[in-house]
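Visitor: quick one, structure for this:
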Amino acid sequence: METIAVIFMIIAGFVVAALVTAALAIAHAGKPAPLPSSPPDKSSIAASILFQLLILGGTNPDQAARKILREAGLGAPITRDIDIGNWGETFAGMATIEQRSLLLETAVRLACSFSRTLPLVQYTALLSLSFALGFQTDALARLRERYDFDYIDPARDGRPREADRDGSAPLFVREPRSSAELLRVLGIEGTPSRQSIIAAYRRLASEHHPDRYFGQTAEAQRRAATRFIEITRAYESLLSLYRE
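Guide: Sure thing, here's the model as predicted:
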């Protein structure tokens with residue numbers, strides 16, 4: 001009887017061990033793969049940001065990679081499908097102000113090398129990058145003037161310079177507006193300050209950013225994009241007036 005009991009205990013031990021091993025395998029199978037032990041370096045982050053930006057503008061992936069190597073001098077490994085804002089913040093934490101400025105200008109230069117009229121999704125990506133790198137949109141506004149580019153706007157009024165040639169969607173027409181009108185666009189009352197303008201814009205931009213309306217009706221997306229462009233234009237104009 002003792003021999004039978006020992007054999008039974010041994011068999012039971014094997015069964016328990018097998019069940020525990022199976023349970024651990026199932027648990028690990030449901031977990032995501034671990035992150036790489038070595039994070040991408042600064043050059044790889046910059047190349048990945050530029051690559052994603054060009055893809056958002058409709059550039060072929062192979063062409064985008066070649067352009068980054070040839071015109072930006074970056075042959076570092078590229079990570080696809082990144083969040084430009086998050087990666088921009090990571091780059092900002094590793095780079096000098098000169099390197100951050102160079103990345104933003106390089107992003108604009110590469111985007112404009114295909115067309116002076118950028119898709120809205122590409123322009124909003126440039127805005128996100130500008131914020132992530134620690135700049136305000138007046139930095140992007142200065143680059144827009146330097147490189148003479150604009151962006152597609154689904155608003156109904158106005159036509160781009162190239163509209164009659166290439167059939168693009170309408171662009172927002174830059175009509176002179178008083179500072180009082182611009183402040184009303186951002187919902188600012190009383191005596192404004194640069195900080196109150198920045199705070200109002202960031203709140204409204206977060207609320208009306210086109211990414212928040214992804215998957216909604218075309219009309220909802222059009223309204224959000226129109227409102228987003230309106231508040232961005234007002235913000236850029238006000239920052240040029242309030243330089244405290």
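Visitor: C-alpha from now on. contacts and neighbour counts both.
Guide: Will do.
Visitor: contacting residues around Tyr213?
Guide: Taking C-alpha atoms under 8 Å, 6 or more residues apart in numbering, we find Tyr213 in contact with Ala220, Gln221, Ala224.
Visitor: contacts only, for the residue lying closest to Thr79 once chain neighbours are set aside.
Guide: With sequence-adjacent residues excluded and distances taken as C-alpha to C-alpha, 6 or more residues apart in numbering, Thr79 is closest to Ser48, at 5.3 Å. Going by C-alpha under 8 Å, 6+ apart, Ser48 touches Pro77, Ile78, Thr79, Arg80, Ile82.
Visitor: turn the residues you listed into JSON lines, columns for distance to Gln216, secondary structure and pLDDT.
Guide: Shown next, in JSON lines, are the contacts of Ser48 (distance: C-alpha to C-alpha, whole Å; DSSP: H, G, I helix; E, B strand; the rest coil; pLDDT from 0 to 100):
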{"residue": "Pro77", "distance to Gln216": "35", "secondary structure": "coil", "pLDDT": "93"}
{"residue": "Ile78", "distance to Gln216": "31", "secondary structure": "coil", "pLDDT": "95"}
{"residue": "Thr79", "distance to Gln216": "28", "secondary structure": "coil", "pLDDT": "94"}
{"residue": "Arg80", "distance to Gln216": "25", "secondary structure": "coil", "pLDDT": "92"}
{"residue": "Ile82", "distance to Gln216": "22", "secondary structure": "coil", "pLDDT": "91"}
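Visitor: so can I have TSV of those showing neighbour count and distance to Asp62?
Guide: TSV is the format used below for these (neighbours: other C-alpha atoms under 10 Å; distance: C-alpha to C-alpha, whole Å):
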residue	neighbour count	distance to Asp62
Pro77	15	13
Ile78	20	11
Thr79	14	13
Arg80	12	12
Ile82	15	17
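Visitor: next SSE downstream of the lowest-mean-pLDDT helix or strand in the chain?
Guide: When each helix and strand of the chain is scored by mean pLDDT, DSSP states H and E, helix 163-166 comes last, with a mean of 32. Per DSSP states H and E, the first helix or strand lying C-terminal to helix 163-166 is helix 179-185.
Visitor: what's that following helix in contact with?
Guide: Glu189, Glu230, Ile231, Ala234, Tyr235, Ser237, Leu238.
Visitor: the second one sits in which helix or strand?
Guide: If I follow you right, that is Glu230. Following DSSP H and E, the helix or strand that holds Glu230 is helix 218-241.
Visitor: could you identify the most distant pair in the contacts of helix 179-185?
Guide: For the contacts of helix 179-185, the maximum inter-member distance is 17.7 Å, found between Glu189 and Glu230 (C-alpha to C-alpha).
Visitor: quick one: which of those two has more around it?
Guide: More crowded of Glu189 and Glu230, by other C-alpha atoms under 10 Å: Glu230, with 17 against 10.
Visitor: please enumerate the helices of this structure.
Guide: With DSSP state H as the criterion, the chain has helices at 2-29, 42-56, 61-72, 84-92, 97-112, 120-132, 137-147, 163-166, 179-185, 194-208, 218-241.
Visitor: could you say which of these is packed most deeply?
Guide: helix 42-56 (a mean of 23; mean count of other C-alpha atoms under 10 Å).
Visitor: min pLDDT across the contacts of helix 179-185, which one?
Guide: Least confident of the contacts of helix 179-185 in the model: Ser237, at 81.
Visitor: relative to Phe91, how far out is it?
Guide: Noted for Ser237: a distance of 28 Å to Phe91, by C-alpha to C-alpha, to the nearest Å.
Visitor: now swap in Leu241 and tell me
Guide: 30 Å.
Visitor: now Ala125
Guide: 15 Å.
Visitor: in this protein, where is pLDDT below threshold?
Guide: Low-confidence segments of the chain (pLDDT under 70): 1-38, 136-138, 152-176, 211, 214, 244.
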